[in-house]
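A.B. asks: Here is a sequence with its predicted model. Questions after.
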Amino acid sequence: MRVMGVDPGLTRCGIALVESGPGRRVVALDVDVVRTPATMELADRLLAIHRAAQHWLDTHRPDVLAVERVFAQRQVSTAMGTAQAAGVIALAAAERGVPVRFHTPSEVKAAVTGSGRADKAQVTMMVTRILGMQQAPKPADAADALALAICHCWRGPVNERMAAAAEQARAAQEAHRRRLESARRKAVGQ
């Protein structure tokens, strides 16, 4: 499975591609950071990020896109910019029919380090080790994008199966409810 991981941001947007193999084996295929200066108009910054995402999607043809879920941050403008960047990237994937999955920062940290409270240095160190890289990916946005892709390789299939099982259980429950309602109506009507 090819997973494109994205650490969204307006100033620096990390993008990475990994491929999963047997067991927990993952291989880094590419990583980069899209940078847009704060002096650019917001629409132009988002366009640059969207175009970079389009290029990556068209070039690498990932099976799924793993994006960091945006949480409220102290600075509202930072959270909004991060959400806007994530939105244009998700749009580029949707235009190509590539599924988009969101992972929380603590989920990503737990997947690669074993602790949902790991700091950036620990995440970078484990990403470097997991991927067998000679040097740590820099800046941290690149390491975070790789971590997102690794997280999805390891947790995505399980999450998908759990969601499918939950949907199947919901459908069975609804069918059962309809049968009971039908039986109740027949009993009342007789």
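C.D. replies: Yes, it's here. All figures in this text were calculated on a predicted structure; none of them were measured in a lab.
A.B. asks: gap between the helix or strand of the chain with the lowest mean pLDDT and the chain center?
C.D. replies: When the helices and strands of the chain are scored by mean pLDDT, DSSP states H and E, helix 140-189 comes last with a mean of 90. Distance of helix 140-189 from the chain centroid (Cα atoms, centre = their mean, to the nearest Å) equals 18 Å.
A.B. asks: Packing partners of it?
C.D. replies: strand 2-7, strand 12-20, strand 26-35, strand 64-68, strand 100-103, helix 105-113, helix 120-130 (3 or more Cβ pairs under 8 Å, 6 or more residues apart in numbering; DSSP states H and E). Yep, even glycine has a C-beta here, placed from its N, CA and C like the rest.
A.B. asks: and among the ones you listed, the most buried is which?
C.D. replies: The highest average neighbour count among those, using mean count of other Cβ atoms under 10 Å, belongs to strand 2-7 at a mean of 27.
A.B. asks: Now do the helix or strand encompassing M80: everything it contacts.
C.D. replies: M80 is located in helix 76-95, with elements delineated by DSSP states H and E. Residues from elsewhere that reach helix 76-95, judged by Cβ atoms under 8 Å, 6 or more residues apart in numbering: 4, 6, 8-11, 13, 42, 46-47, 49-50, 53-54, 57, 65, 67-68, 70-73, 99-100.
A.B. asks: ok, now how distant is the residue nearest to R101 when sequence neighbours are not counted from P8?
C.D. replies: Leaving aside its sequence neighbours, R101 sits nearest to A66 (Cβ to Cβ, 6 or more residues apart in numbering; 5.4 Å). Per Cβ to Cβ, to the nearest Å, A66 is found 11 Å from P8.
A.B. asks: Identify the contacts common to the two.
C.D. replies: Common neighbours of A66 and P8 (Cβ under 8 Å, 6+ apart) do not exist.
A.B. asks: give me the low-pLDDT residue ranges for this structure?
C.D. replies: 72-73, 190 (pLDDT under 70).
A.B. asks: got CSV for the helices and strands packed on helix 140-189, with distance to A169 too?
C.D. replies: Output for these, formatted as CSV (distance: least, Cβ to Cβ, whole Å):
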stretch, distance to A169
strand 2-7, 27
strand 12-20, 28
strand 26-35, 31
strand 64-68, 24
strand 100-103, 21
helix 105-113, 23
helix 120-130, 34
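A.B. asks: And these: which comes nearest A145?
C.D. replies: Closest approach to A145 among these (Cβ to Cβ): strand 12-20, 3.4 Å.
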